[in-house]
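In: curious how this folds, go ahead:
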Amino acid sequence: MAQEIIRGVQAESLKFKRLVNLDASKLAAGADSAELNQRLMKIIEEISRSQNIILFVDEVHNLAFINQDQPETSDVFIALEPHLSQGEFQFIGATSTVNFKKYIEPNQSFARLFETIELPPATPQQTWHILSYIAWKLEKSEQVIITTTAITTIIDLADQLIHDRVFPDKAVNLLDEVVADAVAKKETLVTSVLARQLISQKTKVPVTQLTKKESQLLLNLEDKLHQQVIGQNQAIKAIADALRRARTGIKNPNKPIASFLFAGPTGVGKTETAKALANQFFGSEKVMIRLDMSEYQNPDTLNRLIGAPPGKTNTREGGQLTEAVRRQPYTLVLLDEIEKAHPNILNIFLQVLDDARLTDASGKTVNFSNTIIIATSNVGTKELMVGIKKKLSVKKLEQQALETIEKHFRPEFLNRFSGLVVFQPLQSQEVEAIVKLKLNRLVQDLQKRNIKISFKPDLIKQLSELSFSQKWGGRHIDRTIQEKIANYIARQILTNKLVKNKPVSFSADILNK
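Out: A predicted model of the protein is given here:
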């Protein structure tokens, strides 16, 4: 507006005007009520004498706090009101909609003096023109060249990945940071590659070009996951395919990377598969957001997921789900035992699975388009066990389990998952492979303490036979290893029969000790 006034506007009422900014913090600095009133009167006097000043106050709601606790009794508002009501001068205040309702509207006599004008966010096209102008200024001041593709990349990725701020602000901020990063690296050319690198660091979402190492990981993801999960080929392949599509850009940008409902008996690897994926693809199991849905059986627990509404206690803490995804947008969300959650809780996931969006209690929208969502359920376990006793085929077992799942969950909920995967009960050969895997982890843990042990084939075979349980799955394996192996080794260490750097190989004999 100031530029338009200088350039010469057609509106007669704005010709020869001066737009003057009032700094609220300087106005209030060190002043009591009497001093504040004197300062205001001097300002108003100066405006009245000049007869060409338009007063502008940025973050105008801050005026309500000067020497006051309540906006309804603001000294500044009371002092300005008679002059503004008589039209002595023009006044423009800028604030957010939320702050206007919270701090300006309560003082009705002051609020009614203003016409409120909503300024919408800039469109991507408008933002492009704004960034082009700012880029021209930055090129002159920072002695760099900013490519057009860098500007386009910044706008596109800001639109996709930054949802708690608006255009043009978020794009301008990114451009400033990318240029500063280039200057720090002594780069004279600001390219889309530099922009992608910085945005990846800020958002923790991989938007850089695929490296050779990452391509190899994606191509061999099934093998990597099978290092931690035995069997369950269908689930592993479905996950790997979804990640390959997402990382190469072949996915709907308005949906999560993938969403799966894992169903099957306890202890067959549903949760372990989610952990393996978080570990191999996202870098660590700690990145995974894990929610035990048995803790959300009451509708009031919705506040724990999306935060408490305004006026409630712990409003500022945010929701366990929404805050976690806002901080770590590229992650895996595990909803364990989802059948135990209250139906009202399941309803909020309809929007997440369909549009990759969820609005928290404070009104902020959280984006889930860079998450993988895995829900696990034990629904259908009974039917699977009955089918196994009847020696039904794998296809028939899966069909029975899916029919039970469809009876338990509503169709609109199931239809939003990109895949429903039934985990099969463990077979004897798979149990032996899992026993080897878990014993190997025990060997590696003890090696860190320089205690070297190994296990002979006869021990592994007998331990597998003891561990085999279609009812309890892998959890029975953990219990058997703990009771038969870990307890024995602990006693050996305490009695100094296992010493550092002295290799010991255990046979099946220890199972009877």
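
In: what's near enough to touch E383?
Out: By C-beta atoms under 8 Å, 6 or more residues apart in numbering, the contact set of E383 is 400-401, 403-404. For every residue, glycine as well, the C-beta is placed using N, CA and C.

In: the helix or strand of the chain with the lowest mean pLDDT: what's the following helix or strand?
Out: Within the chain, confidence by mean pLDDT, DSSP states H and E is lowest for helix 381-389 among all helices and strands, at a mean of 79. Downstream of helix 381-389, the first helix or strand assigned by DSSP states H and E is helix 394-408.

In: for the next helix or strand after that next one, buried residues please.
Out: Counting by DSSP H and E, the next helix or strand C-terminal to helix 394-408 is helix 411-414. By 16 or more other C-beta atoms under 10 Å, the buried positions in helix 411-414 come out as F413.

In: so how far is helix 411-414 from its chain's centroid?
Out: 24 Å (C-alpha atoms, centre = their mean, to the nearest Å).

In: average pLDDT across that helix?
Out: Average pLDDT, helix 411-414: 94.

In: what does stretch 432-447 give?
Out: 93.

In: low-confidence stretches in the stretch 1-150 of the chain?
Out: In the prediction, the stretch 1-150 of the chain carries residues with pLDDT under 70 at positions 67-73.

In: write the PyMOL selection for whichever of the contacts of E383 are buried.
Out: PyMOL command restricting those to the buried ones, with burial defined by 16+ other C-beta under 10 Å:
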select buried, resi 400+401+404
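
In: distance between the helix or strand containing P82 and the chain's centre?
Out: In the assignment (DSSP H and E), P82 maps to helix 75-85. Chain-centre distance of helix 75-85: 45 Å, with C-alpha atoms, centre = their mean.

In: okay, helices next: where are they in the stretch 401-513 of the chain?
Out: Using DSSP state H, counting those that start in this stretch, the helices of the stretch 401-513 of the chain run over 411-414, 428-447, 457-467, 474-481, 487-494.

In: and the longest one, what other elements does it pack with?
Out: Translated: helix 428-447. Applying 3 or more C-beta pairs under 8 Å, 6 or more residues apart in numbering; DSSP states H and E, one finds that helix 428-447 contacts strand 453-455, helix 457-467, helix 474-481.

In: which among those is found nearest to V504?
Out: Between V504 and the helices and strands packed on helix 428-447, the shortest gap by C-beta to C-beta is with strand 453-455, which sits at 5.2 Å.

In: same for that closest one, what does it pack against?
Out: Partner elements for strand 453-455 (3+ C-beta pairs under 8 Å, 6+ apart): helix 428-447, strand 504-506.

In: okay if I get those as JSON lines plus distance to D58 and mean neighbour count?
Out: Below are those laid out as JSON lines (distance: least, C-beta to C-beta, whole Å; neighbours: other C-beta atoms under 10 Å):
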{"stretch": "helix 428-447", "distance to D58": "59", "mean neighbour count": "16"}
{"stretch": "strand 504-506", "distance to D58": "74", "mean neighbour count": "14"}
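
In: tabulate those (a markdown table), appending distance to F91.
Out: Putting the helices and strands packed on strand 453-455 into a markdown table (distance: least, C-beta to C-beta, whole Å) gives the following:
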| stretch | distance to F91 |
| --- | --- |
| helix 428-447 | 70 |
| strand 504-506 | 85 |
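
In: end to end, how far does stretch 220-230 reach?
Out: This stretch, stretch 220-230, spans 16 Å end to end (C-alpha to C-alpha, to the nearest Å).

In: just stretch 209-228 next, same as before
Out: Counting by C-alpha to C-alpha, the terminal residues of stretch 209-228 are separated by 28 Å.

In: and the most centrally placed residue in the chain, what is it in contact with?
Out: Of all residues in the chain, the one closest to the mean position by C-alpha atoms, centre = their mean is V325, 1.9 Å from it. Applying C-beta under 8 Å, 6+ apart to V325 gives the contacts 289, 331, 333, 358, 366-368, 371.

In: skip the chain neighbours and tell me the closest residue to E383.
Out: Q400 (4.6 Å; C-beta to C-beta, 6 or more residues apart in numbering).

In: just F89 next, same as before
Out: In space, F89 comes closest to I47 once its chain neighbours are excluded; the distance is 4.7 Å by C-beta to C-beta, 6+ apart.

In: since we're on that neighbour, how many residues are nearby?
Out: Here the count is done by other C-beta atoms under 10 Å, and I47 has 21 residues near it.

In: strands of the protein, start to end?
Out: 18-21, 53-58, 90-94, 145-146, 189-190, 258-263, 289-292, 331-336, 357-359, 365-367, 371-377, 419-422, 453-455, 504-506 (DSSP state E).

In: now distance to L27 too, for the ones you listed, in TSV please.
Out: Formatted as TSV, the strands of the chain follow (distance: least, C-beta to C-beta, whole Å):
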stretch	distance to L27
strand 18-21	11
strand 53-58	9
strand 90-94	14
strand 145-146	38
strand 189-190	40
strand 258-263	53
strand 289-292	46
strand 331-336	45
strand 357-359	37
strand 365-367	36
strand 371-377	46
strand 419-422	61
strand 453-455	75
strand 504-506	79
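
In: for the helix holding P82, buried residues please.
Out: Buried, per 16+ other C-beta under 10 Å, within helix 75-85: 75-77, 79-81, 83-84.

In: need the contact list for I493.
Out: I451.

In: per-residue pLDDT, it?
Out: I493 is given a pLDDT of 91.

In: measure it to D509 for me?
Out: As judged by C-beta to C-beta, to the nearest Å, I493 and D509 stand 18 Å apart.

In: for R475, see how far away N233 is.
Out: 21 Å.

In: over to L218?
Out: To R475, L218 is 31 Å away according to C-beta to C-beta.

In: and S362, by the same measure?
Out: With distances taken as C-beta to C-beta, S362 is found 40 Å from R475.

In: same deal with E337?
Out: Distance from E337 to R475, by C-beta to C-beta: 14 Å.

In: comparing those two, which residue is more hemmed in?
Out: Comparing E337 with R475 by neighbour count (other C-beta under 10 Å), the higher total belongs to E337, at 19 against 13.

In: residues in contact with the more buried one?
Out: E337 touches 292-294, 376-378, counting by C-beta under 8 Å, 6+ apart.

In: need these in CSV (columns: neighbour count and pLDDT).
Out: Converted to CSV, these look like this (neighbours: other C-beta atoms under 10 Å; pLDDT from 0 to 100):
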residue, neighbour count, pLDDT
D292, 12, 95
M293, 21, 96
S294, 12, 95
T376, 22, 96
S377, 22, 95
N378, 17, 91
